[in-house]
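Trainee: Sequence plus predicted model, see below.
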Amino acid sequence: MQQLKSLRWSVLLLLLTLNFGCDQISKKIVRTEISDYEHISIIKDRFTLTKVENSGAFLSLGDNMPYIFRLIILTGLPLLFLGYGLYFLFAKRNLPMSMQIALCFLIGGGIGNLYDRIVHGSVTDFMHMDFYLFQTGVFNFADISIMIGVGILLFQSIRSNRLKHEVD
């Protein structure tokens, strides 16, 4: 039983580390190799690299807030939520595997962006996609991790609701 617990912790730590590590390695490369607002076309202007330092939240929301409010809302609150998320992930032994994986993506991505905010004062975003009818904001691998985590939780929720209704 102890071996199973150790294996679970090891796999969760590996997933968290991979999410955080991929994000930070990609941002380090972008910070050293791409100039601010430089536009690099990867796939015919549909997928481009553009380095942007975001001192706000998603899509630069809160960028114009006074520093103390940004510190509390964009650093303090995420620190509390990520701390609780880590506690929840490691303390709850009977979580479904899909929820554990989703939490690793959410927390790993969240830690990546929070680390940037604390160490660099802003979050480095650099990917942009244009789908003709709409386009994304500029984002990074931490954002992708967070969206994958949300997607897994959403899929799991829909699936469990569907199964619940089939039983009724």
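Mentor: On my side now, so go ahead.

Trainee: Buried residues, the helix or strand bottoming out on mean pLDDT in the chain. List them.
Mentor: In the chain, no helix or strand scores lower on mean pLDDT, DSSP states H and E than helix 67-71, which sits at a mean of 81. Applying a neighbour-count criterion of 16 or more other Cβ atoms under 10 Å, the buried positions in helix 67-71 are residue 70. Quick note: C-beta positions are derived from backbone N, CA and C, even for glycine.

Trainee: Give me the packing partners of the helix or strand just after it, helices and strands only.
Mentor: Next along the chain after helix 67-71, taking DSSP states H and E as the criterion, comes helix 77-91. Helix 77-91 sits against helix 2-33, helix 97-120, with contacts defined as 3 or more Cβ pairs under 8 Å, 6 or more residues apart in numbering; DSSP states H and E.

Trainee: How much space separates residue 4 from residue 90?
Mentor: 14 Å (Cβ to Cβ, to the nearest Å).

Trainee: out of those two, which sits in the busier spot?
Mentor: residue 90 (15 against 9; other Cβ atoms under 10 Å).

Trainee: State the distance from the nearest residue to residue 103 once chain neighbours are set aside to residue 110.
Mentor: Spatial nearest neighbour of residue 103, chain neighbours left out: residue 89 (4.7 Å); criterion: Cβ to Cβ, 6 or more residues apart in numbering. Separation of residue 89 from residue 110 (Cβ to Cβ) stands at 12 Å.
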